[in-house]
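Undergrad: here is my input, please return the structure:
(one chain, ligands or ions: 2)
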Amino acid sequence: MRLVMKFGGTSVGDEKSIANVVKIIKESRDAGNEIAVVVSAMTRVTDQLIATAEEVINCKQKPALDAFIASLRSRHMKVLEAVAPDYMDEIGEYLDSRFMKLSNILLAVHNLRELTPRSRDYIISFGERLSAPIISAALRQGGILSSYMSGCDAGILTDGVHNGATALPESYPRIQARVGALLTEQVPVVMGYMGCSADGAVTTLGRSGSDYSGAIIGAGIDADEILIWTDVDGVMTTDPRLIPEARVINSISFLEMMEMSYFGAKVIHPRALVPAMQKNIPVRVKNTFNPMHPGTVVIREPHADKRVVKAISLIKNGCLIKISGAIMAGRPGVAGEIFTALAETGVNVMLISQGSSEMTISLIITEEQLDAALTALADVKRRGVIREFDFDRDVAVVSVVGAGMAGTYGTLSRIFHGLGVGGINVMMLSQGSEVNVSFVVKEADGVKAVRAIHEEYHLEAEEQA
Ligand SMILES: Nc1ncnc2c1ncn2[C@@H]1O[C@H](COP(=O)(O)OP(=O)(O)O)[C@@H](O)[C@H]1O
Ligand SMILES: N[C@@H](CC(=O)OP(=O)(O)O)C(=O)O
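TA: Numbers count the residues shown, from 1 in each chain. Ligands and ions are numbered 1, 2, ... in the order given. Alright, predicted model coming up:
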């Protein structure tokens, strides 16, 4: 089989985890598989790079860059020494050249007091630039022929949108030629999270975008399966950090998984499902720290599952915006004007609901985008399109997912029964698709609401075919 294995930050965060990664790849390779590897930055490194880039433009004195680079260097060199002692000189030298480059760019940002989207993307791609050579060296240390390459060198060509780029279909033949062609001989390690625009600028794929890199590489090399290796046994009925009784789902459809990820299930990035779905490549989520567990397979048609509700996702830090007088304006296209104004300021609307009798439109955005949304709506109001708007900060979106909901009578009443028992008030409801119902509650009620529905549907119980 031809496989892509994507290892997330938690799977490459220290020497012990990397030893597991090498073991997993070696066993699969020994079983006769061809493998392309995609890696994320070590845990927390991308966060640190983002924080430092934003700090250096604002700090008045010379920033403490030396200390930052020294701590990053010490973490990476320590891991390199543990997992690939024979490659300390070769890879150590390469890493040092990266640290020098990173330090120079951060200093330039500080001196110019300017952080363009282009330079920011370049800086935040360094986590993967540092981790991939180490993983590749660890494979060589384990007797596996390997090389490392950037997302750009692997052939990922993007639309050029910084901090959220999309791969263009022209990438696929390039990936086949640059990555696919190597697979009989070796295990290439591709730096996740990045690609390049046509003019050669590094463009990152959005936070947690290495899953998307894995799927792009998978589509490019016509993989038989894309494996997402992480720190849980698979896709679970809800985030196990919130509800410890959450259980692994054996198989789930692309559409169901897309809804779960879009509404907060961090385990797979929603964009990663697009290339996989287009090429009908199964995506399997597995645990680097428990590789014997079969994990979850995401496929077009999962095996029959009697359960109506399969999973529940939660997004915290939402804002509910209520716009009134929209419909009363009596002119067609009011909703269009509202959403165009929001889109033009870059606001992403997660959920929409329109109440005709109260002449209101309610929508949910993330808290970070509240200021931008309020500015856009103030402008719409000035133009007389809407009468008033108001917002509520502390809300959470709970999303209930399951393909069986579409044809099952009484699903909503059962969900509301669960919420009623838990004494939870629903502020807004939206049926986004055939496989998803989402509703909004006070942030403080979010986990309680997830628990209430999890219990109402006994999601902790084993699946029945
Ligand atoms: N429904 C879910 N199933 C499994 N994990 C989930 C779910 N929802 C949220 N998660 C969280 O996603 C985490 C894995 O994603 P992430 O931290 O991005 O891993 P990685 O570093 O491997 O990319 C898990 O530790 C888990 O807490
Ligand atoms: N390192 C990037 C990309 C990524 O996908 O990371 P992870 O696989 O650890 O979520 C980020 O933190 O956003």
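Undergrad: give me every residue that touches Ile424.
TA: Contacts for Ile424 (Cβ atoms under 8 Å, 6 or more residues apart in numbering) come out as Val441, Asp445, Lys448, Ala449, Ala452. Yep, even glycine has a C-beta here, placed from its N, CA and C like the rest.
Undergrad: scratch that, Asp379
TA: Ala341.
Undergrad: okay, it: pLDDT?
TA: pLDDT, Asp379: 92.
Undergrad: for it, identify the helix or strand it belongs to.
TA: helix 370-382 (DSSP states H and E).
Undergrad: for the stretch 201-350 of the chain, what lies in contact range of ligand 1?
TA: Listed as neighbours of ligand 1 in the stretch 201-350 of the chain under the rule Cβ under 6 Å from any ligand atom: 208, 230-232, 235-236, 238-241, 265-267, 311.
Undergrad: mind doing that once more with 8 Å?
TA: Within reach of ligand 1 by Cβ under 8 Å from any ligand atom, the stretch 201-350 of the chain has these residues: 208, 210-211, 228-232, 234-242, 246, 260, 264-267, 285, 288, 311, 313.
Undergrad: and the residues you listed near ligand 2, which?
TA: Residues of those in contact with ligand 2 (Cβ under 8 Å from any ligand atom): Ser208, Ser210, Asp211, Thr230, Lys266.
Undergrad: any idea which helix or strand comes after the helix or strand hosting the third one?
TA: In the assignment (DSSP H and E), Asp211 maps to helix 210-220. Towards the C-terminus, the helix or strand next in line after helix 210-220, according to DSSP H and E, is strand 225-230.
Undergrad: put the alpha carbons of stretch 15-23 into PDB.
TA: The C-alpha coordinates for stretch 15-23 follow below in PDB (Å, rounded to 0.1, in the frame of the first residue of the first chain):
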ATOM      1  CA  GLU A  15      12.600  12.100  22.000                       C
ATOM      2  CA  LYS A  16      10.300   9.400  23.400                       C
ATOM      3  CA  SER A  17       7.500  10.300  21.000                       C
ATOM      4  CA  ILE A  18       9.900  10.400  18.100                       C
ATOM      5  CA  ALA A  19      11.100   6.900  19.000                       C
ATOM      6  CA  ASN A  20       7.500   5.800  18.700                       C
ATOM      7  CA  VAL A  21       7.200   7.500  15.300                       C
ATOM      8  CA  VAL A  22      10.300   5.700  14.000                       C
ATOM      9  CA  LYS A  23       9.000   2.400  15.200                       C
END
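Undergrad: wait, does it contact ligand 1?
TA: No - with Cβ under 8 Å from any ligand atom as the criterion, ligand 1 is not reached by stretch 15-23; the gap is at least 10.1 Å.
Undergrad: which positions in that stretch come out as buried?
TA: Residues of stretch 15-23 classed as buried: Glu15, Ser17, Ile18, Asn20, Val21, Val22 (neighbour count, 16 or more other Cβ atoms under 10 Å).
Undergrad: in strands, which of the residues you listed fall?
TA: Nothing among the buried residues of stretch 15-23 maps onto strands, per DSSP state E.
Undergrad: overlap between those and the residues near ligand 2?
TA: Of the buried residues of stretch 15-23, not one also sits near ligand 2 (Cβ under 8 Å from any ligand atom).
Undergrad: now the residues you listed in JSON lines, please, with extra columns for pLDDT.
TA: Listed next are the buried residues of stretch 15-23 as JSON lines, based on pLDDT from 0 to 100:
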{"residue": "Glu15", "pLDDT": "97"}
{"residue": "Ser17", "pLDDT": "98"}
{"residue": "Ile18", "pLDDT": "98"}
{"residue": "Asn20", "pLDDT": "98"}
{"residue": "Val21", "pLDDT": "98"}
{"residue": "Val22", "pLDDT": "98"}
